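[1] build me a model from this:
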Amino acid sequence: MSNEEENENIGRNEVKKSPKGNSKIIIVAGVALVVGLALGGLFLNFTPDTAVLGGNGEDEVAVNGEDEVAVNGEGEVANGFEEARPQLEEQLAQQKEQELMMAHLEDLKAESDIEKFLEVIGEGDEDAAVATVNDEEIKKEELMEVEQEQIQQMEMQGMDPEDEQVAAMLEQQREQTLEELVTQVVLEQKVAEEGITVSDEAVEEEYQQIAQQFGGEEQLEEQMQAQGLTSDELKSEIAAHLPTQKYLERYVEENIDPEDLEFTEEELREAYEMQQQQQEQMEMQVQ
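    Numbers count the residues shown, from 1 in each chain. Next comes the predicted model:
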């Protein structure tokens, strides 16, 4: 290595994490966002408790909750950036994994023969095809089902689907929704091509892990009831989409560049400042 390269690496925070530890939540959330799963609705409506980093009984930093409080035993204000560093490193690593996954999805779609027929939405019957992916049809009925879920979520947020602006927003979202369905089919076709399957035990294990995210099965069931979803339906969703999750998880593990998980001090501080700005904006909205 040259002296110039050595100097460039001075101050670099070397983070060479295995993506395996970080991929789990990113893959689940990423798939949920891309394909619009019922499971994704649960995750998107779930807000974890305040994350506390680096606490030792005396020093604590609230990252997602109240104003930052970090006081050491001598009564001096601790460095919030240093306390938040592990969380920032993980956040940036997850972003890199997300970018890799999304780029792969775009590549898969570019390799596929895809046609869309948006004009069918206003004219065709429910059995009409709104798109084809390698000769596999996506029916208008499927698109309308996703749109109905979006309407229900809007109503839960106090929005009126009949309102002119809300209706216009739904209209604009339609093309994006169709794109998500196309992505779902492309993924399913790739998973089938790879011959990836999961066992009943794997489905149950995933279900239990999701329950833990919500604080237990009882709390999960409460959330499912609010979504109009039963445990059997959720397990069916998991069984249908877990192979896709496994495929993407494996792809990220095999293709992530370790150098992409190394972050400079500047990158970490930029992420920290952005995080602080977001917290301030959230506090202003609450007030």
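
[2] for the stretch 51-200 of the chain, which segments count as helices?
    Per DSSP state H, counting those that start in this stretch, the stretch 51-200 of the chain carries helices over the ranges 80-110, 120-123, 140-156, 164-194, 200-213.

[3] now do the buried residues in stretch 88-106.
    88-94, 96-98, 100-101, 104-105 (16 or more other Cβ atoms under 10 Å). C-betas here are computed from N, CA, C, even on glycine.

[4] picking up where we left off before, lowest-confidence stretch among the helices of the stretch 51-200 of the chain?
    Lowest mean pLDDT within the helices of the stretch 51-200 of the chain: helix 120-123, a mean of 77.

[5] buried ones in that one, by neighbour count?
    Neighbour-count burial for helix 120-123 [16+ other Cβ under 10 Å]: Val120, Ile121.

[6] list the helices and strands it packs on?
    strand 129-133, helix 140-156 (3 or more Cβ pairs under 8 Å, 6 or more residues apart in numbering; DSSP states H and E).

[7] so what are the sheet partners of the first one and their directions?
    Strand 129-133 sits in its sheet next to strand 114-116 (antiparallel), strand 136-139 (antiparallel), going by DSSP bridges.

[8] which one, of those, ends up nearest to Leu242?
    When those are compared by Cβ to Cβ, strand 136-139 sits nearest Leu242, at 20.6 Å.

[9] buried residues, the closest one. List them.
    Glu137, Ile138, Lys139.

[10] among those residues, which one lies nearest to Glu283?
    Once Cβ to Cβ is applied, the member of these that ends up nearest Glu283 is Ile138, at 42.5 Å.

[11] the strands paired with strand 129-133: which one's closest to Gln278?
    strand 114-116 (35.0 Å).

[12] neighbours of the residue nearest to Ile114 when sequence neighbours are not counted, how many?
    For Ile114, ignoring the flanking residues on the chain, the nearest one in space by Cβ to Cβ, 6 or more residues apart in numbering is Val133 at 5.4 Å. For Val133, the count of nearby residues is 21 (other Cβ atoms under 10 Å).

[13] ok, Val133 - contacts?
    Contacts for Val133 (Cβ atoms under 8 Å, 6 or more residues apart in numbering) come out as Ser112, Asp113, Ile114, Val182, Val185, Val186, Gln189.

[14] just to revisit the earlier point, now the buried residues of strand 136-139 in CSV, with distance to Glu149?
    CSV is the format used below for those (distance: Cβ to Cβ, whole Å):
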residue, distance to Glu149
Glu137, 21
Ile138, 16
Lys139, 16
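
[15] just give me the closest of these to Ser199.
    Ile138 (28.8 Å).

[16] Met144 reaches Ala128, doesn't it?
    No - counting by Cβ atoms under 8 Å, Ala128 is not a contact partner of Met144; they are 10.9 Å apart.

[17] ok so, going back, return the most buried member of the helices and strands packed on helix 120-123.
    Mean neighbour count (mean count of other Cβ atoms under 10 Å) peaks for strand 129-133 among the helices and strands packed on helix 120-123, with a mean of 20.

[18] can you show me the CA trace of that strand as PDB?
    Written as PDB, here are the backbone C-alpha positions of strand 129-133 (Å, rounded to 0.1, in the frame of the first residue of the first chain):
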ATOM      1  CA  ALA A 129     -54.400  -8.400 -17.400                       C
ATOM      2  CA  VAL A 130     -52.800  -5.100 -16.300                       C
ATOM      3  CA  ALA A 131     -49.300  -6.500 -16.900                       C
ATOM      4  CA  THR A 132     -47.400  -9.500 -18.000                       C
ATOM      5  CA  VAL A 133     -44.000 -10.700 -16.600                       C
END
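
[19] OK, contacts around Leu178?
    Residues in contact with Leu178 (Cβ under 8 Å, 6+ apart) are Lys116, Leu118, Val130, Ala131, Ile138, Leu143.

[20] so it versus Ser236, what's the distance?
    Distance, Leu178 to Ser236, by Cβ to Cβ, to the nearest Å: 24 Å.

[21] equivalent analysis for Glu136, please.
    Glu136 is 21 Å from Ser236, by Cβ to Cβ.

[22] what's the answer for Gln208, then?
    For Gln208, the distance to Ser236 - Cβ to Cβ - is 16 Å.

[23] try Gly195
    Distance from Gly195 to Ser236, by Cβ to Cβ: 21 Å.

[24] with neighbour numbers in mind, choose between these two.
    A side-by-side neighbour count of Gly195 and Ser236, using other Cβ under 10 Å, places Ser236 first with 14 against 7.
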